[in-house]
Structure formats: C-alpha cells, structure tokens
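S.K.: Sharing a model that was predicted from the sequence below.
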Amino acid sequence: MSKQFAVIGNPIEQSRSPELHHAFAQKMGLDLNYSKRLAPLDGFLANIQEFFSQGGIGLNVTVPFKEQAFAACAVLTERAKIAKAVNTLWMVDGQLHGDNTDGQGLVDAIRALDWSLDQTDVLIIGAGGATRGVIYPLVQAGVKKIVIANRTLARAEQLVADLKTAVPQATLQAIGLDALEGQFDLVINATSASLSGDALVLPETLQFQHAYEMAYGKPSTFLDQAKARGVPTSEGYGMLVGQAIESFSIWNGIKPNLKDFL
Ligand code: ATR
C-alpha cells in the first residue's frame with residue numbers, strides 16, 4: 001500500500017491539498033495517497049488518532065482545527081510555538097509532532113515572485129491567526145520592520161506584545177486601520193475582508209512597492225487599489241502551494257520547486 005497522507009478540516013470539500021500533493025509526488029517520483037478527512041466539530045482528536053493508528057504518515061490541518069492540533073502535539077517546532085497553531089502533523093516514536101508551514105509558504109511565494117524581503121519594511125493588515133503565523137518566518141527571511149494595522153487596534157497591540165520577544169532582531173509596531181500611512185516595501189492583506197466581500201481602503205498617505213493578498217480566487221479591493229497604482233501584486237495561491245510544499249518536504253525529505261506548480 002502506498003504511504004497515506006490527508007488533510008483534515010470542517011468543511012473540507014473545497015481543499016486543493018490532495019491535487020497539490022499528488023502533483024508534487026508525481027514530479028518527485030514518489031508513490032503516495034493523499035485524501036480529505038471531514039472531522040465532526042467535536043471529533044478532531046478521535047479522527048487524527050484513527051488516521052495515525054491505521055498507519056497514516058502525515059496530516060495537514062485546516063480550519064477550524066489548527067489551534068486544537070497545536071494543543072494536541074507533544075513536540076512542536078519553534079515557528080509552530082510562536083504561531084500557536086499547527087497545520088502539519090506526523091508521528092515519531094508514538095509522539096505527535098506539529099509544525100506550521102504557512103509562514104514559510106508565504107516567504108517562498110514572495111521569493112518565487114522575485115520580490116526581496118531582506119532588510120525590508122512590511123505592513124501587514126489584519127491581526128488574526130493568519131498574521132500571527134507569518135511574523136516569525138518573515139523576520140527569519142530578513143524583514144527588519146513589521147507594522148501590523150488592524151481595525152481593532154487593541155488586537156494588533158496584543159499581537160505585538162506577544163511576539164516582540166520572539167523576533168528581537170526586528171521592530172514590530174501596531175496601528176489602527178484608520179491610521180494607515182508611511183512607506184513600505186511590501187503590504188500584505190491578511191484580513192478576511194476579501195473572503196467576506198468587504199472593501200479595504202488604502203489612503204494616498206500610504207505608499208508601497210509591492211502588494212500581496214493572502215486570499216485567492218476572490219475579488220479583492222485591496223489588490224484593485226494596488227494595481228491602480230501600478231505596483232506588482234499577487235494573490236495568495238503561491239502561499240497555498242508554498243505551505244503545501246513545505247509540509248511535503250517535512251514528511252518526504254525532498255522539497256519540490258514552487259515555481260514548477262504556479
Ligand atoms: P484569520 O485566522 O484568518 O486571521 P481572524 O482571526 O478571524 O481570521 O482574523 C480576521 C482579521 O481580519 C482580523 O484582523 C479582522 O479585524 P478585527 O480584528 O478588527 O476583527 C480582519 N477583518 C475582517 N473583516 C474585516 C474588514 N471588513 N475590514 C477590516 N478588517 C477586517
């Protein structure tokens with residue numbers, strides 16, 4: 001039987017992970033089977049136990065179980081500890097290991113666009129789990145200053161307070177969404193505004209060289225405004241592929257080239 005992998009979530013039908021992992025496996029000449037698992041909202045732990053007890057090798061975790069996965073792990077990577085969320089699980093000697101590959105996926109997607117991160121100033125709009133998960137990998141990739149702008153300022157301030165000691169080599173700042181201004185190399189939209197069809201307004205006092213939208217396949221007023229200014233833009237498909245590649249490389253010890261799958 002081929003090695004078993006899966007993604008677990010609720011809902012799960014929309015997940016692109018099986019097609020991505022099968023494409024990576026084909027490119028790398030590996031034989032594996034990657035399926036979708038719909039876990040009941042109160043049945044996450046039982047579901048992952050069943051998967052690993054049946055010999056499963058690796059699981060990806062998606063909404064709404066990433067925090068439960070984090071809590072369930074006996075061993076966590078540094079970036080998963082900082083993210084407080086886990087999207088990649090595997091077993092070693094009966095111990096559940098967890099990592100979070102979302103941030104590295106974003107870094108790899110930005111590099112695949114040939115946008116530099118080294119010594120840059122980055123503005124991230126949003127202060128939820130998506131933002132928390134990418135701060136440490138962005139700083140590891142060379143970002144020197146991150147400003148977190150959020151509709152609810154207190155949430156951005158809390159995130160900065162939480163993460164400051166984890167990234168001592170960078171400057172972290174919190175601002176309200178109504179106070180967007182300054183010059184940035186890159187602006188990242190990590191809000192769920194595009195997913196819910198809401199508009200984000202970028203004032204003229206805000207200047208930036210590149211714009212990355214974490215969502216993909218949805219209309220984005222954020223990207224519309226960036227395009228109107230003529231700066232290079234990207235939606236988040238590359239990040240999706242990037243996080244999948246990083247999970248694949250943890251499990252299989254071999255890292256496909258992101259540019260081959262965009
Ligand atoms: P995720 O885990 O995807 O980050 P989340 O924790 O629900 O999801 O966070 C969603 C983020 O999008 C928050 O920063 C939220 O702002 P608030 O903290 O003020 O709620 C932001 N967000 C959602 N809809 C928004 C909108 N219409 N305009 C601005 N920010 C929005």
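M.R.: Structure received.

S.K.: For the residue nearest to the spatial centre of the chain, which residues are in contact?
M.R.: Using C-alpha atoms, centre = their mean, the residue of the chain that lies closest to the mean C-alpha position is residue 102, 2.6 Å off. For residue 102, the contact set (C-beta atoms under 8 Å, 6 or more residues apart in numbering) comprises 83, 87, 130, 133, 134, 239, 243. Bear in mind the C-beta positions are built from the backbone N, C-alpha and C, glycine included.

S.K.: Looking at these, which are in helices?
M.R.: Among the contacts of residue 102, the members found in helices (DSSP state H) are 83, 130, 133, 134, 239, 243.

S.K.: how deep is the last one tucked in, by neighbour count?
M.R.: The local packing of residue 243 (other C-beta atoms under 10 Å) involves 26 other residues.

S.K.: if I look at it, how far off is the ligand?
M.R.: Per C-beta to the nearest ligand atom, to the nearest Å, residue 243 is found 14 Å from the ligand.

S.K.: For the nearest residue to that residue once chain neighbours are set aside, which three-state class applies?
M.R.: Setting aside the residues directly before and after it, residue 243 is nearest to residue 105 in space (C-beta to C-beta, 6 or more residues apart in numbering), at 3.1 Å. When classified by DSSP: H, G, I helix; E, B strand; the rest coil, residue 105 comes out as helix.

S.K.: ok, residue 105 - contacts?
M.R.: 238, 239, 240, 241, 242, 243, 244, 245, 246.

S.K.: Then residue 251?
M.R.: Residue 251 touches 5, 57, 58, 88, 90, counting by C-beta under 8 Å, 6+ apart.

S.K.: element containing residue 51, please.
M.R.: helix 44-53 (DSSP states H and E).

S.K.: who does whatever helix or strand comes next after that helix pair up with?
M.R.: Per DSSP H and E, the first helix or strand lying C-terminal to helix 44-53 is strand 58-61. In the sheet, strand 58-61 lines up against strand 3-9 (parallel), strand 88-92 (antiparallel) (DSSP bridges).

S.K.: Deepest-packed of those, please.
M.R.: strand 3-9 (a mean of 21; mean count of other C-beta atoms under 10 Å).
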